[in-house]
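Undergrad: Predicted model and sequence below, questions to follow.
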Amino acid sequence: MSVDPSAKQTDEEHGHPHPRHELSYHAKRIYAIRELLLEKNVITREDIQTQIDYQEARSPANGAKLVARAWTDPKFKARLIADPKAACAEMGIDATSLNEFVVLENTEKVRHMVVCTLCSCYPRPILGRPPDWYKSFNYRARAVNDPRGVMREFGLEPGPDVEVRVHDSTADIRYLVLPLRPAGTETLSEQDLAKLVTRDSMIGVVDALPAVPGSKKTS
Amino acid sequence: MSESSGRFKPGDRVRVRAEDRPGHIRTPFYIRGKTGWVERAHGEFRNPESLAFGGDGLPKRPLYLVGFHQREVWEKYAATKDKLFIDIYEHWLDPA
């Protein structure tokens, strides 16, 4: 909370109290460690900012770019499946921090879904930070023994003839689901297609968003 | 992806060891003792059971993508073709 020493008003003086933004125990500890590392010249403020920028740059938009390109370019799709890290580099996405990276292609007959029952392994360079539900005990337990129930709650109901494949990423491999291209999107640009590719569709709990009627490109 | 020099190849039937020991284990409890097949050899990786305690993780261990029929993992799972795939290190697998 910023403190202006010249300010004369207190909470009481202008009629209502303000919440106190007390730092949590862990936040205080992190800041103390940061200051120590700076003071002892282990890292610099620039290092910290660079790392913050890197963390912020990682978002599901990276994955959406890959998927939209794969939908529009079959040769790129083949490269993405054969060597995902090289395909990322081609698109200017830094996936070098991943040990191994595997792309799972959905089809009309097969739906993939990813979980890490042991913790929260997640393809962070491609999708950013995992959502809280991905790390919850509920999702981690039910994704493996009731994947169809979990999908139903997200709004996806694969028919009985569809094979549901759950991937429990317990080790060095990170998985990205390549969702099906929605019907009726033939005329959409790659950029507009990317908007249909949600984070959850790349975890595999839902399909990509349907094409919005009337969003067709006018040429 | 590097070729695995491991003892298993895709298609081999394997059983997950039903061991229980302390430490940082990357083989989930629910799959121990279950039988499946090697779907894919991922190559070799440093052993997390050593890395977790400040070790060097060497020698590297072959890692496999192992497939299981959901019906064989969970008694009450509905009759479908649904499958479960888990990454498991070679030292947790026996031929089945």
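TA: Cool, the structure landed.
Undergrad: May I ask which helix or strand of chain A has the lowest mean pLDDT?
TA: Every helix and strand in chain A was compared by mean pLDDT, DSSP states H and E; the lowest is helix A:45-57, with a mean of 89.
Undergrad: Would you mind identifying the next helix or strand past that one?
TA: Remark: after helix A:45-57, the chain's next helix or strand is helix A:60-72, criterion DSSP states H and E.
Undergrad: packing partners for the longest helix along chain A?
TA: In chain A, taking DSSP state H as the definition, the longest helix is helix A:25-39. Helix A:25-39 sits against no helix or strand, with contacts defined as 3 or more C-beta pairs under 8 Å, 6 or more residues apart in numbering or on different chains; DSSP states H and E. C-beta coordinates here come from the backbone N, C-alpha and C atoms, glycine included.
Undergrad: Any idea how far that helix is from the middle of the chain?
TA: 28 Å (C-alpha atoms, centre = their mean, to the nearest Å).
Undergrad: Would you mind writing the CA trace of it as CSV?
TA: Taking Å, rounded to 0.1, in the frame of the first residue of the first chain, the C-alpha atoms of helix A:25-39 are listed here in CSV:
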residue,chain,number,x,y,z
TYR,A,25,3.6,-14.9,5.2
HIS,A,26,4.8,-16.4,2.0
ALA,A,27,4.8,-13.1,0.1
LYS,A,28,6.9,-11.5,2.8
ARG,A,29,9.3,-14.4,2.7
ILE,A,30,9.6,-14.2,-1.1
TYR,A,31,10.3,-10.4,-1.0
ALA,A,32,12.9,-10.9,1.8
ILE,A,33,14.7,-13.6,-0.3
ARG,A,34,14.6,-11.3,-3.4
GLU,A,35,16.1,-8.4,-1.5
LEU,A,36,18.9,-10.7,-0.1
LEU,A,37,19.7,-12.1,-3.5
LEU,A,38,19.9,-8.5,-4.9
GLU,A,39,22.0,-7.3,-1.9
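Undergrad: neighbours around the residue in chain A positioned nearest to chain B, how many?
TA: Minimum separation of chain A from chain B (C-beta to the nearest C-beta) falls at A:A171, amounting to 3.9 Å. Counted with other C-beta atoms under 10 Å in any protein chain shown, residues neighbouring A:A171 total 24.
Undergrad: SS state for it?
TA: Look at A:A171: counting by DSSP: H, G, I helix; E, B strand; the rest coil, its state is coil.
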